[in-house]
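**Q** Structural data only, the sequence is not supplied:
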């Protein structure tokens, strides 16, 4: 819960906000906001309204960010609506509020997508479905997405690899992260040229962010890592998420088998230079090590930090030794 707010307090303030936005003071809940599992850096609630217009689907999702997340809420809302309009089942966002006095942080109210997470499927089936879903995402028309984001007022550097790399350089060159700077030099010096074909990249594409209903993908969640970039970028991130981070968090899944099958299927259908994929694996490892050192719940796990360092060194021959406090 953000800022030690009680759930009852959030429920009351959310209803007042929605009553004002919808100009409906008779608005009530059919079901009160209830916390939903998921998300390491946001709080997520499910709720249903009574008396709202038929345009609002029921039930709904409240995604509540921490403080100083106004830009993130605006960005994710725009991305989800644009991508949803381009053929990907991203949740449509109906309200975005950056006034942190309302709920203690910026927030989005969006549709609840149907289905269960892909992670519930058998590994052999899941790997193929994951690859097919990624291939479909990467087939979306990039120019229509780019144009729609421009209309929404989202700057191109917010969703380009150049912008992401500039941010990484700025963060790692700050005091306290000297141990990452040799890795940063490798990333900067070895960055490949962008390919002719850029794609819509999710940036956090893994089975827990994908919903399945009636054997079809019914939802793709959490678009905070969205970029328009090299498909190798998105594949490399999925590789790191599945083989480096996930085994420590969800050991019940055979991640190595899953990711290997996913990768082989994707490469068979649409080949991508393996060297470029490895570069972006290293890129994500360095970024994750930074996040772990900054206290990110998932990346800061000692075993995960060790695995990230080892994977980065395997690709780059650059050894990164996290401070003992980070391990």
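**A** That came through fine. Small disclaimer: the values here were computed from a predicted structure and weren't measured. Numbers count the residues shown, from 1 in each chain.

**Q** for stretch 141-156, which positions count as buried?
**A** 142, 145, 146, 148, 149, 154 (16 or more other C-beta atoms under 10 Å). (Glycine included, C-beta is placed from N, CA and C.)

**Q** Helix, strand or coil: sort out the last one for me.
**A** The three-state label given to residue 154 by DSSP: H, G, I helix; E, B strand; the rest coil is coil.

**Q** Tell me who's in contact with it.
**A** Listed by C-beta atoms under 8 Å, 6 or more residues apart in numbering, the contact set of residue 154 reads 74, 75, 78, 79.

**Q** is it fair to say the first one lies in a helix?
**A** Meaning residue 74. Yes. Counting by three-state DSSP, residue 74 is located in a helix.

**Q** pretty sure it is touching residue 96, no?
**A** Yes. Using C-beta atoms under 8 Å, residue 74 is in contact with residue 96, at 6.3 Å.

**Q** Residue 235 touches residue 137, doesn't it?
**A** No. Using C-beta under 8 Å, residue 235 is not in contact with residue 137, being 11.2 Å away.

**Q** Between the two, point out the one with more neighbours.
**A** Neighbour tally, residue 235 and residue 137, criterion other C-beta atoms under 10 Å: the higher count belongs to residue 235, 26 against 23.

**Q** can you tell me how far the more buried one sits from residue 202?
**A** Distance, residue 235 to residue 202, by C-beta to C-beta, to the nearest Å: 11 Å.

**Q** quick one: residue 228 is in a strand?
**A** Yes. Assessed by three-state DSSP, residue 228 belongs to a strand.

**Q** so which helix or strand takes in the closest residue to residue 280 other than its chain neighbours?
**A** In space, and not counting its chain neighbours, residue 280 is closest to residue 236: 3.0 Å by C-beta to C-beta, 6 or more residues apart in numbering. Element membership for residue 236, per DSSP states H and E: helix 231-240.

**Q** Give me the contact list for stretch 23-31.
**A** By C-beta under 8 Å, 6+ apart, stretch 23-31 touches 11, 15, 18-19, 46-52, 58-59.

**Q** Can you tell me which of the residues you listed is closest to residue 118?
**A** Minimum distance to residue 118 across the contacts of stretch 23-31 is 19.2 Å, recorded for residue 46 (C-beta to C-beta).

**Q** need the contact list for that closest one.
**A** Applying C-beta under 8 Å, 6+ apart, we find residue 46 in contact with 31, 33, 34, 36, 59, 60, 61, 62, 112.

**Q** In space, what's closest to the fifth one - neighbours in sequence excluded?
**A** Nearest in space to residue 59, with sequence neighbours left out and distances taken as C-beta to C-beta, 6+ apart, is residue 48 at 4.0 Å.

**Q** Now the element after whichever strand or helix holds that neighbour, going C-ward?
**A** Using DSSP H and E, residue 48 maps to strand 43-50. As assigned by DSSP H and E, the chain's next helix or strand after strand 43-50 is strand 60-64.

**Q** Off-centre distance for that following strand?
**A** The chain centroid and the centroid of strand 60-64 are separated by 15 Å, computed with C-alpha atoms, centre = their mean, to the nearest Å.

**Q** buried ones in that strand?
**A** Across strand 60-64, burial judged by 16+ other C-beta under 10 Å covers 60, 61, 62, 63, 64.

**Q** do stretch 174-193 as well
**A** By 16+ other C-beta under 10 Å, the buried positions in stretch 174-193 come out as 177, 179, 180, 183, 184, 186, 187.

**Q** Let me see the contact set for the second one.
**A** For residue 179, the contact set (C-beta under 8 Å, 6+ apart) comprises 320, 321, 322, 323.

**Q** Please apply the same query to the fifth one.
**A** For residue 184, the contact set (C-beta under 8 Å, 6+ apart) comprises 168, 169, 172, 173, 286.

**Q** do the same with the last one
**A** Residue 187 makes contact with 165, 168, 282, 283, 286 under the criterion C-beta under 8 Å, 6+ apart.

**Q** Among those residues, name the ones in helices.
**A** Secondary structure from DSSP state H places 165, 168, 282, 283, 286 of the contacts of residue 187 in helices.

**Q** out of these, who's nearest residue 308?
**A** For these, the nearest to residue 308 is residue 286 (8.3 Å; C-beta to C-beta).

**Q** That closest one touches residue 180, doesn't it?
**A** Yes. Between residue 286 and residue 180 there is a contact under C-beta under 8 Å: 6.5 Å.

**Q** so what sits against both of these two?
**A** Contact criterion C-beta under 8 Å, 6+ apart; residues shared by residue 286 and residue 180: 172, 320.

**Q** Next secondary structure after the lowest-mean-pLDDT helix or strand in the chain?
**A** Across the helices and strands of the chain, mean confidence by mean pLDDT, DSSP states H and E is lowest for helix 246-249: a mean of 87. For helix 246-249, the following helix or strand on the C-terminal side (DSSP H and E) is helix 255-269.

**Q** what pairs with residue 35 across the strands?
**A** With DSSP bridges applied, residue 35 shows beta-bridge pairing to residue 45.
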